[in-house]
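please find the sequence and the predicted model below.
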Amino acid sequence: MGLRICLILVVFSLAWPLQAQITGGRSTYAFLGLPSSARVSGLAGNLITVVDDDVSLAFSNPAALNPLMHQQLAFNHGFLGGQMQHGAFNFGHKLGSKGTTIHAGVQYARYGEIEQTNEFFQDLGTFNAADYAIVAGIAHPVYDRLNVGANLRLISSLYGQYSSLGFASDLAATYRDTAKRVTVSLVFRNVGQQLSTYDPSIGKEPLPFDLQIGISKQLKYLPFRFSFIYTSLNRWNVLYDDPNLDSGTIFLGEEPKDPSSFNLWMDNFFRHVIFNGELLIGARENFRLRFGYNYRLHREMTVQGYSSLAGFTFGVGLKVNRFRIDFGRGIYHLAGGQTQLGISTNFKEFRKG
């Protein structure tokens, strides 16, 4: 039964028209790309390559859902600076004895109270802006090493007098080789479209569709797991050409030289790549140290002429009694970054006590 439901979701999602394959700044509902948890924040904002008892991972990879998440509740809240905040909460539940697992939750981003003016900069008061997504997902093991899953999202966006509704889904498959401690995942994120637009005179905007593949490996003699995630498989060229920046090099007073085609290829390739690692300390991995690096974020958010740690992230996780507490910090710009806190627990542990 669980597999049938999962397949129905997959077919329905694929039947929904795919919008243009567009990234950064060219799509609506960009809040869907924010880290879903403090753990993910500390790992460069992406973790599709891990399968454990962390139910918040299902937001970015529904195939990560598994029976270890049964009765698991997670809440995460992040601070982006000023009044801007975002977060998510969800709950996992196992169905039957065949490994089918579901989850449900909410993702949100609130931007606070914003001053409203007209074209002559006259004060018209204030308005509030926020985005929400109600999420439900399911995963089922095809066999002992392969999980397939899907998420469905109903999206609501409200910016003052302007509002929009949308539909999105995630489709995913995860392969795990526990003997070799290797996990490989493929995820189609944000497949869908707007149901209603902010302005009826403007056509429907594309969603931030992203095709991702990743691999993780846990070392045999060291409690450390690293991940390599390749994003935007659906679009090769993600370079941003800013004519105001000096991209060439100057030698002995000569004019700047344009970068070679090889350098451009390498620059573009690594903008797709996210690296992260997690040190798992203790027999039950109750203490975790995390770090990550997003090269594209570093390149796009570094101010020319200034050294910057933009794109670097770090975090820590600690289990205290029945609760797991997580902290994640992402450096976005010289002006600041985002901090996220998370707490999760499993209701089964309370019944044991």
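Received it, and whenever you're ready, just let me know what you need. Treat the numbers as computed from the prediction; the structure is a model and nothing was measured.

against residue 76, how distant is the residue lying closest to residue 146 once chain neighbours are set aside?
Spatially, and ignoring its direct neighbours in sequence, residue 146 is nearest to residue 175 (5.3 Å; Cβ to Cβ, 6 or more residues apart in numbering). Glycine gets a C-beta too; all of them are placed from N, C-alpha and C. Distance of residue 175 to residue 76, computed by Cβ to Cβ, to the nearest Å: 27 Å.

neighbour-wise, which of these two wins?
With neighbours defined as other Cβ atoms under 10 Å, residue 175 and residue 76 compare such that residue 76 has more, 26 against 15.

can you show me the strands along the protein?
Using DSSP state E, the strands of the chain run over 72-81, 84-95, 100-117, 123-143, 146-159, 162-177, 182-196, 210-218, 224-230, 273-281, 287-294, 312-320, 323-333, 336-346.

how about the ones you listed in a markdown table, adding distance to residue 62?
Listed next are the strands of the chain as a markdown table, based on distance: least, Cβ to Cβ, whole Å:
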| stretch | distance to residue 62 |
| --- | --- |
| strand 72-81 | 15 |
| strand 84-95 | 11 |
| strand 100-117 | 8 |
| strand 123-143 | 4 |
| strand 146-159 | 3 |
| strand 162-177 | 5 |
| strand 182-196 | 8 |
| strand 210-218 | 13 |
| strand 224-230 | 16 |
| strand 273-281 | 19 |
| strand 287-294 | 22 |
| strand 312-320 | 22 |
| strand 323-333 | 20 |
| strand 336-346 | 18 |
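
can you lay out the ones you listed as CSV showing mean pLDDT?
Below are the strands of the chain laid out as CSV (pLDDT from 0 to 100):
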stretch, mean pLDDT
strand 72-81, 95
strand 84-95, 97
strand 100-117, 94
strand 123-143, 94
strand 146-159, 97
strand 162-177, 97
strand 182-196, 97
strand 210-218, 98
strand 224-230, 98
strand 273-281, 97
strand 287-294, 98
strand 312-320, 97
strand 323-333, 95
strand 336-346, 95
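
would you mind saying which of those strands lies nearest residue 42?
In terms of Cβ to Cβ, the element of the strands of the chain nearest to residue 42 is strand 312-320, at 1.9 Å.

how about residues contacting that closest one?
Strand 312-320 is contacted from outside by 38-39, 41-45, 276, 284, 286-294, 298, 324-331, using Cβ atoms under 8 Å, 6 or more residues apart in numbering.

which residues touch the residue nearest to residue 146?
Residue 175 neighbours (Cβ under 8 Å, 6+ apart): 145, 146, 183, 184, 185.

that one and residue 85: what is the separation?
36 Å.
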